[in-house]
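In: pasting the sequence and the predicted model now:
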Amino acid sequence: MVDFPEASVKCPYVGFKQSCRDLALSCPKFVHIAGTNPNTGDPVNKYGCADSFIPMLLIENSQQQRQTGAAVESFRNAVVAINGRTLEQIAQAQKITREIANESDHR
């Protein structure tokens, strides 16, 4: 079911002289939002003024940024662990190389 704004909702861009519903076809700010409400998890399928959706979209944006930050942190931790193992392997290879060089010098 598509949820249009009430006929009593007036548009601030025309001095509240006409309802948003009347201007729907000509207003560039009249948009359709479909998805999930980030606060409640309920499905959203609404038409309305883009400005009225800003609070919900800001919340969704913040959630996405937190998820991105967590993914970057996990990736960073994996890279640090891999780099640590690589450095250990390089140090071990250098030690073996020195031991081989020392053995060949003693012969």
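Out: Great, that's in hand.
In: show me what the helix or strand hosting Gln67 packs onto, helices and strands only.
Out: If you go by DSSP states H and E, Gln67 is part of helix 50-106. On a contact count with 3 or more Cβ pairs under 8 Å, 6 or more residues apart in numbering; DSSP states H and E, helix 50-106 meets strand 30-36. Yep, even glycine has a C-beta here, placed from its N, CA and C like the rest.
In: follow-up on the earlier one: quick check: angle from the helix holding Gln67 to strand 30-36?
Out: Interaxial angle of helix 50-106 relative to strand 30-36 (axes from the mean of the first three to the mean of the last three Cα atoms, to 10 degrees): 50 degrees.
In: now helix 50-106: how far from the chain's centre is it?
Out: 20 Å (Cα atoms, centre = their mean, to the nearest Å).
In: now do stretch 93-107
Out: Taking Cα atoms, centre = their mean, the mean C-alpha location of stretch 93-107 is offset from the chain mean by 53 Å.
In: what pLDDT, on average, does that stretch get?
Out: Averaging pLDDT along stretch 93-107 gives 86.
In: check stretch 52-66 too.
Out: 93.
In: how about it: buried residues?
Out: Buried residues in stretch 52-66, counted by 16 or more other Cβ atoms under 10 Å: 53, 56, 60.
In: how many neighbouring residues does Cys20 have?
Out: For Cys20, the tally of surrounding residues (other Cβ atoms under 10 Å) stands at 24.
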